[in-house]
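Novice: can you look at this prediction? I've put the sequence above it.
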Amino acid sequence: MAKQTINVPALARVEGEGGLYIGVEHGEVKEIKVNIYEPPRFFEGFLQGRFYQEVPDITARICGICPVAYQMSSIRALERAFGVTPTAEATALRKLLYYSEWIESHVLHVYMLQGPDLTGHQSAIELAGVAPEVVASALRSKKIGNDLMAAVGGRSVHPVNACVGGWYRWPDQEALKAFLPDLEWGLEHALETVRWAATLDYPDFEVDYEFVALHRDDEYAILDGDLLSSRYGLIQETDFEKHFSEKHVQHSNALHSNSVDGTTYLVGPLARLNLNYDQLSPQAKQAAEEIGLELPLKNPYKGMIARALETVEAYLRCIELIKNYHPEGESAQELLLTAGSGSAASEAPRGTLYHRYQIDDSGLVEYARIVPPTAQNLARMEADLWQLAPKVLELPHEEATLTCEHLLRAYDPCISCATHFLTLTVEEL
Amino acid sequence: MPGVKKPTIAVYKFSSCDGCQLNILNLEDELLDLVGVVEIAYFLEATRAMLPGPYDVGIVEGSVTTPEEIERIKDIRSNVGTLIALGTCATAGGVQALRNFADVEKYTDLVYPHPEFIETLEKSHAISEHVHVDLELWGCPISKTQLLEGLTAVLQDRRPNLPQSSLCQECKLKGLPCVMVAYGMPCLGPITKAGCGAICPDNGRGCYGCFGPFINAELEAFVPVLLDKQRYPGEAVHMLRMISGNAPLFVEAAQMILEQEDN
Amino acid sequence: MKPKVTVPAIAHKPSELLDPDWATIVEITEEAEGISTFWLELDDTDLRARYRFGYGQFNMLYIPGFGEAAISISSDPEKPERIGHTIRFVGNVTRAISRLQVGDQVGVRGPFGTAWPIEDCQSCDLVIAAGGIGLAPLRPVIYHILNHREKFGKVTVMYGARTPKDLLYVEEYPHWEENDIEVMVTVDRADRDWHGQIGVVPMLFYRSRFDTHKTRVFSCGPEIMMRFVVFEGLARHISSENIYLSLERNMKCGQGFCGHCQMGPFFICKDGPVYRFDQLEPYFNLEDL
Amino acid sequence: YQTVGPRVEHKVVAYGEIETIKDLPQGFASEQEKGRYRLVKNEGDQYFDALPGSQNWKKYLYPPRKDLFFLEKTNRHWEKSSAPPTEERHALVGVRACELAGIEILDKVFIRKDFTDPDYSRSRSNLFIVSVNCSHPDQTCFCSSMGTGPECQGGYDLNLTELDEAFIVNIGSDAGLAVIQQVEWEPASAYHLQSAQKVVEGAKQSLKRGIKDLEDVPALLLDHLEHPLWAEVGKRCLSCGSCTLVCPTCFCWDTNDHVYITTKKTNRERVWDSCFNPGYSAQAGGNTRPSTKSRYRQWLTHKFGNWKDQFGSLGCVGCGRCITWCPAGIDVTEEIGAFQEEFVS
Ligand SMILES: Cc1cc2nc3c(=O)[nH]c(=O)nc-3n(C[C@H](O)[C@H](O)[C@H](O)COP(=O)(O)OP(=O)(O)OC[C@H]3O[C@@H](n4cnc5c(N)ncnc54)[C@H](O)[C@@H]3O)c2cc1C
Ligand code: SF4
Ligand code: SF4
Ligand code: SF4
């Protein structure tokens, strides 16, 4: 079977517009490009001159699937710029909103974006034709995540309640407590998902990744923490830019990130699971043991399992956060306008998201820097393909193409975020 | 057209954040019934299976910001029966239309080390600036119920009844205190269309107009009211030039304020 | 405020708020371009027997999933078991009705509103001035005259439509003429084989003589047309108490509850739609009242 | 009974379920002006000093949204199931004099010879009303010139006058009497009655706003429907509809037909509407009230003119909500004043 070029002009079941090109000549892989042709929207540009309190609402619009991640990273970076530490109650509520985004985003990915690749279907809708109750319960779990985000933040896509300094208004305690039965059901469903994910037939493929994720000793990091690299150990959250740089690759609309020494690194659920496994809640760890999970988990396709376990963690933490939710006093702190700069990272469903802002003395943004997770993974995705492609080219063309596409989907790339958005102008090499 | 054959639906993505498309997948309670009455023929984000056009309904999310997209939207227009502009990016250019009020060259060098790779339009355009749009669903993101109403109306071959009142009606139906009256906060509610459920006033903050202009917006009467509630210089223009900043009525309102400030 | 002269409402059937009774379409007559008459029979046989309506009253027709529309009853009040509605297809409900066939169900509430006082016009001369779909609520009056021709003096129908294809009930004109009803028809725009009058309905007044005291004018059509019909009538010294109009407003209930149909002090659905012109005089020519 | 009364919600006095006296806005006062409402703590510990915000009792009799009936299609016929009738019995605590008058006006709208709204009349007959005489009217109140307050004249089961350390209770009905008999009470002393009278007198004196020669207002407005004053206020009005939607006597409504995606299930819903809404007067021939001027004219001439013809009394009770909650600060008493200045003096 002559090995031919694999060309997927438009990747399906990923967020945003991207393509895959693997150039093959005489059976040899000559060229690999993950083409990002998502048009640019210049967020870092038009954030300049905006008032600090508008930043969470504007940056949310970078990504419709993980707006809370953008709101949380931008809010924490701006609070650092003002030298303000949020109250415990405000921080707890932020984690609740964030974990419910993880639930919605992970369940979407497991059952509707990557799941079909593993069950041999074109889409979850097609899967629903065969196993309606699987899809119906997945939709219910996703709905719980969405509804909880709406209860805390006003709506699930681009919530409106979070602000720099805390919250515009404390969500109603009874309304949140009413979610507990659903969350108990969701926890069971997530545990079931872990067992189901463990049984799936993943392509046999492993990579020696440098894992990077936020880390805390006292919890499975989501909102804050120090950066932990499996190669370089702990890195101060504010030294992110010293350690990781973005270079602009010709064929891609997104900037490719790599470690300071030029090597590529991986962020996201797989990285988090490997680095922060010990901080998982007991019940999540027990679920991992039951499926005989061994770390380090180095198969990118098995990111599904990492997401399933993180969904269990998210449900456990949501239940705990709601039970301890007792709002009193003002929902937001008064901020004195002082010039300053601050940076912060948080763990978006797809990986570490870094923001830095410089504010002038009337609270207007002078400079904004945003490094999304998918941008950090793009270089790593192409590196994986270089390792994968030679092996799969033996397979029939359609199967080879599908395995490569499946690898990109396993990353759950969020291309709208990654690109800060440029148009692709391809020059013939 | 509730004929025997299920109408075919195609979903296209232009320059956007994907939040409106996601709201199609967020129709958790209705999704399985939806695929029972319509054929999802092309929906890149949800399915790898792509049926060939032409399609009965084309749903376009996102704004036109590149030369290539101008060609693509014209091609889509000729390939679909009913074209639905989904979300405020598609109906008014979205938040990325903030570039329309600034010099886009300045942005490109700022953000990208190799700006020459960038080929983008000076402005972010609404879909209706290039092709005829049959139905506009405003909102950032759209309201799921309006999307269902839009699709159901196509299935029943009738004009969809979408909320037309100002946001203030929704505020009052929920029994909410007006943030302008009770807290002295600026709110775009009186010139913004209802549809979101007044979630900003419900959270004690002013509306920033993501559902686009109210059809009877009275700008001359509203601008002084908004300016009177402004908490920092330029807040009124910032609120107007936000998600629906490129909608004609909001552009005009911002213009009125800037001209007032000049003289 | 002058006393309101209410024309008696007939057989008004109170019912739960907006609760419709079901009727089935038994016949559909295509009348003109985009206009058909739907003949309904109420499913509940007891109600069908009791149901009565007045000349010019209307029903609220309900199509599930589309809503309600106020539609006049255009059939003969003396044959109330078959209710005729002549419908022009303009919006959601009427276009939904246009897709229905014989045997399909329609929700009915009513009858509502005031009626043309035809029974009080014995031995009068009558001018029926109608425009477009406005002839529908006036046809019951013509049926009454046909059934009791001897009770009435000179009867003239002045009817106009946009084009010949839009004219209603054309096949009935000969029957009307046979019963000594002068039928004057005009169109705004003629087509190749139109040999009749071209122009607006009020202009037809110039082709007739009137005995001012005996003449009653019943008019329904676009408000601009009715305004000029009133003008021509008053110019010929027909008193404003002898001119009757039927008005149209946005209606959501038909029972003076929803507030939409207000004009000045009137709920058009309850205090109208048929008015004696002297009642309307202070309000009719006001802009956007 | 489900007891509902004033409580602080979102920094304003709203009406909601209350269990104990502690839920009442004790020690608060309200400050209202055109387009401005503030709730302020004051030293006193009165329960009923703070006046209500934008909400009013109407929502318990004529709710903002109400399902009418549900339909499901089987072959070519629709099966109908009615919405469950409202069975709740509400005990309203802290009903102001103007609000009592507002309820009486709504009674005339919804309970009529020719037709009665069954849900309204059921909720209305299930009401137990504990009214309260206002001790501190705000700037936007003008109940005295509308003859509706500040003292409750009747239509209540129990009426309270709040003194420093006691409530004077007037019995308005047998039901009221039955309730009072289950509570320790003592006959009011002369001193008590006198101080209650002083509270009411004090309230009357402090009313700033008002409308002079009310009986001439309907003709004044209705005889000058084409006067330029209408265009002038039309330029200031936002056409947002807040005035109609906070008004305790506005009754207009619209219907929504919700259809499930399969087009096999639908339901009719009744929802509050406003004469300022674009679709309110839409018609095939075009909108019969297209301009903001014409809509404001309909609002004012209906409340202070045609209402009398339709229902026997004017449509305003002088509660001042439309003045307080108008974002543009448009005041019905001032607009009427403008006509009086033009024609009366
Ligand atoms: C007393 C009375 C008797 C009548 N008798 C007849 C009769 O015998 N035959 C007949 O054919 N008609 C009759 N009509 C007219 C009929 O009621 C109207 O045409 C009615 O609007 C049709 O309902 P629909 O749902 O089809 O149209 P709708 O969907 O209500 O639309 C009607 C028109 O209003 C516009 N419109 C509606 N809602 C809005 C909105 N929210 N925003 C913007 N535009 C809007 C539409 O564009 C359309 O042009 C009568 C009306 C009255 C009041
Ligand atoms: S808060 Fe905004 S939307 Fe609500 S009533 Fe006030 S102005 Fe209108
Ligand atoms: S018109 Fe204004 S003052 Fe009168 S009852 Fe209504 S809201 Fe109160
Ligand atoms: S009067 Fe005030 S509240 Fe009423 S519609 Fe006009 S601006 Fe809105």
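Specialist: Noted; the coordinates are in hand. Ligands and ions are numbered 1, 2, ... in the order given.
Novice: hey, C-alpha coordinates of the strand or helix carrying residue C:106 in PDB?
Specialist: In this structure, residue C:106 sits in strand C:105-112 according to DSSP states H and E. Output in PDB follows, covering the C-alpha atoms of strand C:105-112 (Å, rounded to 0.1, in the frame of the first residue of the first chain):
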ATOM      1  CA  GLN C 105     -59.100  21.300  13.300                       C
ATOM      2  CA  VAL C 106     -59.200  25.000  14.200                       C
ATOM      3  CA  GLY C 107     -59.700  26.500  17.700                       C
ATOM      4  CA  VAL C 108     -62.700  29.000  17.800                       C
ATOM      5  CA  ARG C 109     -63.600  31.600  20.500                       C
ATOM      6  CA  GLY C 110     -66.400  34.000  20.100                       C
ATOM      7  CA  PRO C 111     -68.400  35.600  18.600                       C
ATOM      8  CA  PHE C 112     -67.200  39.000  19.800                       C
END
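Novice: would you check how far apart the residue of the stretch 101-250 of chain C found nearest chain D and ligand 2 are?
Specialist: For the stretch 101-250 of chain C, the nearest residue to chain D under the criterion C-beta to the nearest C-beta is residue C:250, separated by 5.2 Å. C-beta coordinates here come from the backbone N, C-alpha and C atoms, glycine included. Counting by C-beta to the nearest ligand atom, to the nearest Å, the gap between residue C:250 and ligand 2 amounts to 24 Å.
Novice: before we move on, what about residue A:376?
Specialist: Noted for residue A:376: a distance of 40 Å to ligand 2, by C-beta to the nearest ligand atom.
Novice: my read: that residue touches residue A:353, true?
Specialist: No. At 9.1 Å, residue A:376 does not count as touching residue A:353 under the criterion of C-beta atoms under 8 Å.
Novice: once you drop chain neighbours, what's closest to residue D:267?
Specialist: What sits nearest to residue D:267 in space, not counting adjacent residues and going by C-beta to C-beta, 6 or more residues apart in numbering or on different chains, is residue D:70, at 4.4 Å.
Novice: which residues touch the helix or strand harbouring that neighbour?
Specialist: For residue D:70, the host element (DSSP H and E) is strand D:65-74. By C-beta atoms under 8 Å, 6 or more residues apart in numbering or on different chains, the residues outside strand D:65-74 that reach it are B:173, C:17-19, C:64, D:78-83, D:119, D:255, D:263-272.
Novice: picking that back up, gap between the strand holding residue C:106 and the chain center?
Specialist: Chain-centre distance of strand C:105-112: 16 Å, with C-alpha atoms, centre = their mean, to the nearest Å.
Novice: how far away is residue D:225 from chain A?
Specialist: From residue D:225 over to chain A the distance is 43 Å, taken as C-beta to the nearest C-beta, to the nearest Å.
Novice: pLDDT wise, what is that residue at?
Specialist: Listed pLDDT for residue D:225 reads 95.
Novice: quick check: it touching residue C:286?
Specialist: Yes. Assessed by C-beta under 8 Å, residue D:225 is found in contact with residue C:286 at 5.5 Å.
Novice: and the two? Which one has more around it.
Specialist: residue D:225 (18 against 13; other C-beta atoms under 10 Å in any protein chain shown).
Novice: helix, strand or coil for the more buried one?
Specialist: Using DSSP: H, G, I helix; E, B strand; the rest coil, the structure places residue D:225 in coil.
Novice: tell me the contacts of it?
Specialist: By C-beta under 8 Å, 6+ apart, the neighbours of residue D:225 are C:286, C:289, D:297, D:301.
Novice: pretty sure the first one sits against residue D:226.
Specialist: Right, the one you point to is residue C:286. Yes. Between residue C:286 and residue D:226 there is a contact at 6.7 Å, judged by C-beta under 8 Å.
Novice: which parts of the stretch 1-150 of chain C are strands?
Specialist: Applying DSSP state E, counting those that start in this stretch to the stretch 1-150 of chain C gives strands spanning C:21-32, C:35-42, C:58-63, C:67-72, C:83-88, C:105-112, C:125-131.
Novice: alright, calling it a day.
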